[in-house]
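Undergrad: dropping the sequence and predicted coords here.
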Protein chains: 2
Amino acid sequence: MMIRGSQIRDSAPPVLQGACAQCALGKLCFPHALPAPFRSLLPLALEKRTRLARGESLFHAGEALAGLYAVKAGFLKTCMPLPDGQCKIVGFHAMGDVLGLEGLGKGTHSTEAVALNGCEVCLIPLAKLEKLLEHPVESVHVRKLMGREISRIEAQAAAVGTLSAKQLVASFLLDMSARWEERGYSKNEFVLFMSRKEIGNFLGLTFETVSRTLSYFHAKQWITVHGKNVLIRDMPALQVQTTHAT
Amino acid sequence: MMIRGSQIRDSAPPVLQGACAQCALGKLCFPHALPAPFRSLLPLALEKRTRLARGESLFHAGEALAGLYAVKAGFLKTCMPLPDGQCKIVGFHAMGDVLGLEGLGKGTHSTEAVALNGCEVCLIPLAKLEKLLEHPVESVHVRKLMGREISRIEAQAAAVGTLSAKQLVASFLLDMSARWEERGYSKNEFVLFMSRKEIGNFLGLTFETVSRTLSYFHAKQWITVHGKNVLIRDMPALQVQTTHAT
DNA sequence: ACACACGCTTGATCTGCGTCAAAACCGCGC
DNA sequence: GCGCGGTTTTGACGCAGATCAAGCGTGTGT
């Protein structure tokens, strides 16, 4: 019954209609952004809350889209399978993020979503989603989510293709920092839920290079790293590192 | 009056309501995918046809979204500005492609679109687009376009972060080939409208490396290159190159 | 037709990051 | 506590691709 390492603050029953009304995550979670007149539809929309243990998949590449997912708690990665059987991480996701948007194109997922720790996730089933999306306001909302997703991935792709290892790791840390801040946590001190290997995969580097770069930043006194715990001590220095070469 | 290097087959007036009904590009172009009952809305939607000369921008990064664009003829690139003032190409676009979807997130464009040669482009103005999107069928259509776009960029990002120069150039050629085939042209013989520098920028390589790799493929008899003209002589060899390392 | 500028090719050299290897660390079960 | 497997750190070395540089096409404007 207990969820290891999760940030759930209340003890809501695992399946509950209208649970979002009491949800501690507040407006972060996807359907909460809807304007008042459409809120009444929500208990219908949120059908199932799922718990995932570390390493479990929410969906697989090639699988038919079951609907959209809103992350309530925990951390996930989305991976794209490569021709050679390997898997490239295309994003990390925390509470408030929406997963599955890429599947709206062909009706099947192009990526796999895997839990990095204990997660709780809401499913908005496809049938009910489509019903919801007949209302223009919600339709606009989903388009905005998708547009932002496109911008995010384009920026990511642009960075990976051009920046050096130091630039990539610096911007990765700043990105994580910003995400924690958005969610009301400290922007200077946080935990990396993913391994060095996963960071490397995401940034197009080896885990040795990631480790070395973190050590380098540590030596420069810009950050303090102890395993997965990171303390940012000189944010501007990292920001400069993002732009300047070498 | 004439458009250099363009594939326009008829001599339709530059601005024409309902032009798509006679458009030689047929179903390739975005609004044509709409089912019959909604077709009547189209002459309203397609307000303006724009001609762009080589090097002209359709929209800039940061600019407010004017609407969506459908490419009627010609070739464009979309670029994302980087912190250091450089610009990274995130996509190449040909007739039938839709541009501006990334702007639906924040209402402003996150990329710039630049014509690689003489282009003709239709604008669907934002106000009319929103009207159109109140109809569920069209709303679904745009979501599909966006979903496919997300998948496409994710795949692109995955490739650039992991593949070697030879793998990247091989998959680039195969991608171009597939796009030409989709549009009814030969999949074996085509013209690269972009320069080596632009290919390099797109793939995260230098133009020297792109040039060397093309020469290597040429030496292997897999392709024939004369400037921007490409003839693919051994498609399977290129496909193998995509997966195999070295 | 000419020359100039720009893009492309090809070669030589340099370097950042990948690869291989070994040791330290950390969590976990017993 | 102890031993074990996996992760992380750190070092030494090599290579793919960047950089520097020189010559060659090709298209463009006069």
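TA: That came through fine.
Undergrad: helices or strands up against the top helix by length along chain A?
TA: Ranked by number of residues, the top helix in chain A under DSSP state H is helix A:136-162. Contact here means 3 or more C-beta pairs under 8 Å, 6 or more residues apart in numbering or on different chains; DSSP states H and E; on that basis helix A:136-162 packs against helix A:36-39, strand A:87-93, helix A:165-182, strand B:76-81, strand B:87-93, helix B:136-162. Any C-beta I mention is one placed from the backbone N, CA and C, and that applies to glycine too.
Undergrad: just want the most central residue of chain A.
TA: In chain A, the C-alpha closest to the average C-alpha coordinate belongs to A:H93, at a distance of 0.9 Å (C-alpha atoms, centre = their mean).
Undergrad: run a quick check on A:D97 versus A:V71, I expect a contact.
TA: Yes - because the distance of 4.9 Å satisfies C-beta atoms under 8 Å, A:D97 is recorded as touching A:V71.
Undergrad: pick out whichever of those two has more residues nearby.
TA: With other C-beta atoms under 10 Å in any protein chain shown as the criterion, A:D97 and A:V71 differ in neighbour count, and A:V71 comes out ahead with 25 against 21.
Undergrad: I figured the more buried one hits A:V121, correct?
TA: Yes - contact status for A:V71 versus A:V121: in contact at 5.7 Å, counting by C-beta under 8 Å.
Undergrad: circling back: give me the angle between the longest helix of chain A and helix B:165-182.
TA: 140 degrees (axes from the mean of the first three to the mean of the last three C-alpha atoms, to 10 degrees).
Undergrad: buried residues of helix A:136-162, list them for me.
TA: Judged by neighbour count (16 or more other C-beta atoms under 10 Å in any protein chain shown), helix A:136-162 contains these buried residues: A:136, A:138-143, A:145-162.
Undergrad: stretch A:90-105 and chain B in contact?
TA: Yes - when contact is scored as C-beta under 8 Å from any C-beta of the partner chain, part of stretch A:90-105 falls within range of chain B: A:V90, A:L101, A:E102, A:G103, A:L104, A:G105.
Undergrad: would you map the helices across chain A?
TA: Counting by DSSP H, chain A has these helices, from start to end: A:36-39, A:42-45, A:126-132, A:136-162, A:165-182, A:196-203, A:207-219, A:235-243.
Undergrad: how about these in CSV, adding mean pLDDT?
TA: Below are these laid out as CSV (pLDDT from 0 to 100):
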stretch, mean pLDDT
helix A:36-39, 54
helix A:42-45, 56
helix A:126-132, 83
helix A:136-162, 89
helix A:165-182, 95
helix A:196-203, 96
helix A:207-219, 97
helix A:235-243, 92
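Undergrad: B:L58 is nearest to which of these?
TA: The stretch from the helices of chain A with the least distance to B:L58 (C-beta to C-beta) is helix A:136-162; that distance is 16.1 Å.
Undergrad: by neighbour count, which of the residues of stretch A:90-105 next to chain B wins?
TA: Taking other C-beta under 10 Å to define a neighbour, the member of these with the most is A:E102, carrying 31 neighbours.
Undergrad: that concludes my questions; thank you for your assistance.
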